[in-house]
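Student: Compute the structure for the input listed below.
(chains A and B, ligands or ions: 1)
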Amino acid sequence: MHMNDGADAPYWNGLAEGRLLLPRCGGCETWLWPAISRCGACGCEDIAWIERAMAATVFSWTRTWHRFGFTESLDLPFVSIVATIDDCGIRLLGRLDDPDRIDPVIGEAIAGRIGATRVGDRDIPTIIWSRG
Amino acid sequence: MHPLYGTTAVAGVGLRQYRRGASPLPEQGVLAEAILAACADAGFDPAEVDGFVSYGDDKNEPVRLMPALGTRELKWSSVVWGGGGGGIAGAFGLAAAAILSGQASAVIVFRALVEGSSGRLSAAVMAHHLNDHMLAAGIVAPAQVCAIRANRMYEHHGVPRAVAEELVRASYYHGARNPEAIAHDTELDLDAMRGSRWIAEPFRLFDCSRENDGAAAFLMVSADRARDLAKPPVYLLGCANGAEKGWGDLLENDDAALYPTAGFRPIARRLYADTGLSPADIDVVQLYENFSAQGVASLIDHGFCTYDNVAEVVRFDNLIAPTGKLPVNTGGGNFAQGFIHGIGTAYEAVKQLRGESANPVPGARTCLLAGGPGAPTVSSAIFANAF
Ligand SMILES: [Zn+2]
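Tutor: Just a heads-up that it's a prediction; the model follows:
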């Protein structure tokens, strides 16, 4: 649960600096997600963290209307999104701006900016996606 | 022949089920009653039970059950890894493994859930998986995780949304006719269902299973021993459990072709290969459906239909006993029989094969039990009353 002690620590640190950093195997150049300490494809333990633009397409989504615990800071309804990041294929969980409640379409292009989600007394960095 | 094929059997079953918050006893007490009922059902001395298996983060460590049951010696105590209902069928395989390897001889498979004792299930299930990636996206509940996959199954893979309603209707039809079901004597109001509030799109309230208090227990012994006990044996013919590469706790990075599935494709392949059976040999299906779309995906994964013909197969008329060709969740399933983390589906599997179901399937010999669609590890089993 702690953000800065796992294999994905560089991801969180990147977001805190305003950059999207994603892991790629230094041996076979496979993009790795969830972040891991060893590439299962080639066995390499040299993981490079590469900056990607916050550009993606919609892979899938849901619009939540029920007040689940830990979502108290989010106005209902809100849209959660699985976004396929351009030029690497890694899918990230994030949120989509949804002011007009227009259903996302799988495959549509979205652009992100770094925001945060308040959960309890913590602000967790995340990517907020918008259309176009 | 695979070593699991027909070599162990369920000899007794016990169920205690109450509305959420209405259990007369704490969780461990309800569970002890269910275990004693399973032993009584089989005509078996509960003190002779020497093993226990559960799944889904059950809180009742077997050693703590011993004083209430009079257990003489505990020889096997294990649980299937993974949250959710993925381990239901696998738990029977684990019990069989203990018996066939001589490490125990009479094993109780169980799951207990009393909210006042161990809290709400959805929170417990999610505690298993929750991380900052999910929290930041507002994804905190199984309903949302399954909703995202359902949307892709509907939109990208062309499964018509109407099939989910057919599955829910069949569950309520069976549940209304099952005196042991929470929804007994309650006809489903279709307008109420269609107009019920959104939970997480595409799921409305009626697409989601709801929790009950209670416990169920199953006494498993060798097939030979089962034949000497009070009830006709329900044989385990095969069981598969696990996940393949490209499926699991992968932060939604599952293989794209597997993403909208319920995770059963490798499980079903192995189960059919090990038993020599095919979907055409299955007389009745007990399906863990946490959410409607995942129930449909589970049927597709097990080869009962495809993305192309799902609407022809998953039809209310086809899913109900006694006349449908693919009777599903004949006790009412998680939607209408009740939801003690899905263990009621296994209970109905046994009742159906013994001819004790409220919705009997004429001549049923085989029953497929599928646990935990969408969970990172899933399992399925085939039971039979003759082979
Ligand atoms: Zn590599």
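Student: Show me what from chain A comes close to the ion.
Tutor: Counting by Cβ under 5 Å from the ion, the residues of chain A close to the ion are A:25, A:27-28, A:30, A:39, A:41-42, A:44. C-beta here means a position set from N, CA and C on the backbone, and glycine is covered the same way.
Student: From the residues you listed, keep the buried residues only.
Tutor: Taking 16 or more other Cβ atoms under 10 Å in any protein chain shown as the criterion, what is buried in the residues of chain A next to the ion is A:25, A:39.
Student: closest to chain B among the residues of chain A next to the ion?
Tutor: Set against chain B, the nearest of the residues of chain A next to the ion by Cβ to the nearest Cβ is A:A41 (10.4 Å).
Student: isn't that closest one right up against A:C28?
Tutor: Yes. Contact status for A:A41 versus A:C28: in contact at 5.4 Å, counting by Cβ atoms under 8 Å.
Student: shaky segments in the stretch 51-200 of chain B?
Tutor: B:120-127 (pLDDT under 70).
Student: Over to chain A?
Tutor: Looking at chain A by pLDDT under 70, you get A:1-4.
Student: near chain B, which residues of it?
Tutor: A:1, A:3, A:8, A:12, A:33-34, A:59-66, A:68-71, A:74, A:77-78, A:80-82, A:90-95, A:105-106, A:116-117, A:119, A:124-126 (Cβ under 8 Å from any Cβ of the partner chain).
Student: tell me the contacts of A:V82?
Tutor: Residues counted as contacts of A:V82 (Cβ atoms under 8 Å, 6 or more residues apart in numbering or on different chains) are A:58-61, A:91-93, B:148, B:252.
Student: er, B:G372 I mean
Tutor: So B:G372 contacts B:56, B:82, B:84-88, B:263, B:288, B:290, B:342, B:378-379 (Cβ under 8 Å, 6+ apart).
Student: tell me the SS of the residue nearest to it when sequence neighbours are not counted?
Tutor: Leaving aside its sequence neighbours, B:G372 sits nearest to B:G86 (Cβ to Cβ, 6 or more residues apart in numbering or on different chains; 3.2 Å). Three-state assignment for B:G86 (DSSP: H, G, I helix; E, B strand; the rest coil): coil.
Student: Against the ion, how distant is B:G86?
Tutor: Going from B:G86 to the ion by Cβ to the ion, to the nearest Å gives 29 Å.
Student: and that residue, how many residues sit next to it?
Tutor: 30 (other Cβ atoms under 10 Å in any protein chain shown).
Student: Around the ion, which positions in chain B sit nearby?
Tutor: Proximity of chain B to the ion, by Cβ under 5 Å from the ion, involves no residues.
Student: What is the neighbour count of the residue in chain B positioned nearest to the ion?
Tutor: Nearest residue of chain B to the ion (Cβ to the ion) works out as B:K245 at 14.5 Å. Residue crowding around B:K245 was assessed by other Cβ under 10 Å; the count is 9.
Student: what helix or strand does it sit in?
Tutor: When elements are assigned from DSSP states H and E, B:K245 belongs to no helix and no strand.
Student: backbone phi and psi for the residue nearest to B:G372, please?
Tutor: Here is the backbone geometry of B:G86 (degrees, to the nearest 10): phi -60, psi -20.
Student: How about the contacts made by it?
Tutor: B:55-56, B:80, B:263, B:371-372, B:375-379.
Student: measure it to B:A68 for me?
Tutor: Taking Cβ to Cβ, to the nearest Å as the measure, B:G86 falls 28 Å from B:A68.
Student: go on, B:V140?
Tutor: In terms of Cβ to Cβ, B:V140 sits 35 Å off from B:A68.
Student: What of B:F291?
Tutor: The gap separating B:F291 from B:A68 is 35 Å, by Cβ to Cβ.
Student: For A:I114, list each beta-bridge partner.
Tutor: In this entry, A:I114 is beta-bridged to A:I127, by DSSP bridges.
Student: I'd guessed it sits against A:I127; true?
Tutor: Yes. Assessed by Cβ under 8 Å, A:I114 is found in contact with A:I127 at 6.3 Å.
Student: okay, now B:P373: neighbour count?
Tutor: The number of residues near B:P373, taken as other Cβ under 10 Å, comes to 28.
Student: my bad, B:P67
Tutor: 9.
Student: any idea how far B:A32 is from it?
Tutor: In terms of Cβ to Cβ, B:P67 sits 9 Å off from B:A32.
Student: got it, and A:G94?
Tutor: 46 Å.
Student: Who has more neighbours out of the two?
Tutor: Higher neighbour count among A:G94 and B:A32: A:G94, with 25 against 22, using other Cβ under 10 Å.
Student: what helices or strands is the helix or strand containing that one leaning on?
Tutor: If you go by DSSP H and E, A:G94 is part of strand A:91-96. Applying 3 or more Cβ pairs under 8 Å, 6 or more residues apart in numbering or on different chains; DSSP states H and E, we find strand A:91-96 packed against strand A:55-64, strand A:78-85, strand A:109-119, strand A:122-131, helix B:132-136.
Student: would you list the ones you listed in CSV and tack on distance to B:A349?
Tutor: Below are the helices and strands packed on strand A:91-96 laid out as CSV (distance: least, Cβ to Cβ, whole Å):
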stretch, distance to B:A349
strand A:55-64, 31
strand A:78-85, 34
strand A:109-119, 40
strand A:122-131, 42
helix B:132-136, 33
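Student: ok, and the closest non-adjacent residue to the most centrally placed residue in chain A?
Tutor: Centroid check for chain A by Cα atoms, centre = their mean gives A:L92 as the closest residue, at 3.3 Å. Ranked by Cβ to Cβ, 6+ apart and with sequence neighbours excluded, the top spatial neighbour of A:L92 is A:A83, at 5.4 Å.
Student: Please tell me I have it right and the one you found contacts A:M54.
Tutor: No. Look at A:A83 against A:M54 with Cβ under 8 Å: they stay out of range, at 9.1 Å.
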